[in-house]
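**Q** Next one to model:
(chains A, B and C)
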Amino acid sequence: MDAPSIRKKLTRWYENAQRDLPWRRTREPYPIWISEIMLQQTRVGAVIPYYQRFLARFPDPAALAKAHEDDVLALWSGLGYYSRARNLQKAAKQIVDAGEFPATHEGILELAGVGSYTAAAIASISFGLPHAVVDGNVRRVFARLTNNANVDTQALADKLLDRRDPARWNQAVMELGALVCVPKSPLCGECPLANHCMARAEGTQGEVPGKKIKPQTELRERTLFVIRRSGKILLVPSNKVKGFWDLPERLPGARLGEVLGTFTHTITHRRYTFTVRRATGKAPKGSRWFEEHKLGDIPCGTTAKKALRISSDSPNGAAADAS
DNA sequence: TACTCGTGGCA
DNA sequence: TTGCCAAGAGT
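**A** Got it, this is the predicted structure:
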């Protein structure tokens, strides 16, 4: 493996092909950290608006540390993996207590919600430290480069790391995976490493690395109740996501009304078919009335928002409630 | 180790 | 429509 040639070709490609992403305009550890947490298992296009709102609202660790958790979760609503938001605030408090953002790989790794990938990303991008990132892109790129799905990715990443500019190298490998060496139908014709790629030489780039085995999807049915009164909507504390509010799913003694519609929502390997149904009854313990136009200010899951959209689209939905 | 956590875009 | 899967971490 010709490491110097690979470094040179990929680096040159990256200098020309990289996207203009908001978090690439800085090396400050705080915004880099926020972006890296948001990008975990989440597409760039989904992250950008959240990143900008979050930085505007919480411009530094102190602002994030002293915020109400509900405000943090509300800003995160819709992005998913909500433990990231809670860990983010926990880590902000760690940073404030320490007096500054940790400047070593070891110190960064101690932050709540920061694992090996994120620690290496922040260490290299913000501090220029020689730590190679391994994420899904890197695993795929190196599996194809070696035509070996079981290659020791961390060892190879450490070996290929460009120690003159770890930040540029790490992002170059990930960018190649995101734009060219994509999971399905890789664009080998545009790949700067095509001549080094063992998978391409063997014609296996469409099969390496293999797909991961996933548990079979379970189908389940649930019902969400829409209860309105005086222009407000009744929500109960989520029993799945701490700090979130959801539409009620069980109402002892309630009178059931018409079905307003259905939608599906998949979480991990379970696909739920939700029935949205009007109901009347007294508010369960712990429930609260919210003005519907203020739901953006509270932590509120996507299922509730989908359901409320259906209920207001329904010819017998919100309009009928106003009477 | 294997499982779980959310959501949306895309083929 | 359904399945795939994306800049992973915690348990």
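**Q** Which single residue in the stretch 151-300 of chain A comes nearest to DNA strand B?
**A** Residue of the stretch 151-300 of chain A nearest DNA strand B, by CB to the nearest atom of the strand: A:T268 (3.9 Å). Every C-beta, even on glycine, is put in place using the N, C-alpha and C of the backbone.
**Q** Direction included, what does the biggest strand by length in chain A pair against?
**A** When chain A is parsed with DSSP state E, its longest strand is strand A:255-267. With DSSP bridges as the test, strand A:255-267 is paired with strand A:270-280 (antiparallel).
**Q** picking up where we left off before, which positions in the longest strand of chain A come out as buried?
**A** A:L260, A:G261 (16 or more other CB atoms under 10 Å).
**Q** A:S312: neighbour count?
**A** Residues lying near A:S312 (other CB atoms under 10 Å) number 14.
**Q** Sorry, wrong one. I was asking about A:P29.
**A** Count around A:P29 with other CB under 10 Å applied: 21.
**Q** Would you check how far apart the residue in chain A positioned nearest to DNA strand C and A:W76 are?
**A** Of all residues in chain A, A:G115 sits closest to DNA strand C, at 2.5 Å by CB to the nearest atom of the strand. Distance, A:G115 to A:W76, by CB to CB, to the nearest Å: 19 Å.
**Q** Let me know the average pLDDT across stretch A:82-92.
**A** Across stretch A:82-92, pLDDT averages out at 98.
**Q** How about stretch A:229-245?
**A** On average, stretch A:229-245 scores 93.
**Q** how long is that stretch end to end?
**A** Its first and final residues considered, stretch A:229-245 spans 17 Å by CA to CA, to the nearest Å.
**Q** quick one: A:Q171 and A:A132 touch, right?
**A** No: in terms of CB atoms under 8 Å, A:Q171 does not count as a neighbour of A:A132; the distance is 11.7 Å.
**Q** A:F225 pairs with what?
**A** According to DSSP bridges, beta-bridge pairing links A:F225 with A:R277.
**Q** The stretch 51-200 of chain A: helices as residue ranges?
**A** Using DSSP state H, counting those that start in this stretch, the helices of the stretch 51-200 of chain A run over A:61-65, A:69-76, A:83-98, A:105-109, A:116-127, A:136-146, A:153-160, A:166-179, A:198-202.
**Q** Helix A:153-160 and the fifth one, what's the angle between them?
**A** It stands for helix A:116-127. 20 degrees (axes from the mean of the first three to the mean of the last three CA atoms, to 10 degrees).
**Q** Give me the buried stretch members for helix A:116-127, please.
**A** Buried residues in helix A:116-127 (16+ other CB under 10 Å): A:Y117, A:T118, A:A119, A:A120, A:A121, A:I122, A:A123, A:S124, A:I125, A:S126, A:F127.
**Q** mind putting these in JSON lines, pLDDT included?
**A** Converted to JSON lines, those look like this (pLDDT from 0 to 100):
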{"residue": "A:Y117", "pLDDT": "98"}
{"residue": "A:T118", "pLDDT": "98"}
{"residue": "A:A119", "pLDDT": "98"}
{"residue": "A:A120", "pLDDT": "98"}
{"residue": "A:A121", "pLDDT": "98"}
{"residue": "A:I122", "pLDDT": "98"}
{"residue": "A:A123", "pLDDT": "98"}
{"residue": "A:S124", "pLDDT": "98"}
{"residue": "A:I125", "pLDDT": "98"}
{"residue": "A:S126", "pLDDT": "98"}
{"residue": "A:F127", "pLDDT": "98"}
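**Q** From those, list the ones also adjacent to DNA strand C.
**A** A:Y117, A:T118, A:A119, A:A121 (CB under 7 Å from any atom of the strand).
**Q** ok, the first one touching A:H131?
**A** Same thing as A:Y117. No: the criterion here is CB under 8 Å, and A:Y117 misses it with A:H131 at 10.0 Å.
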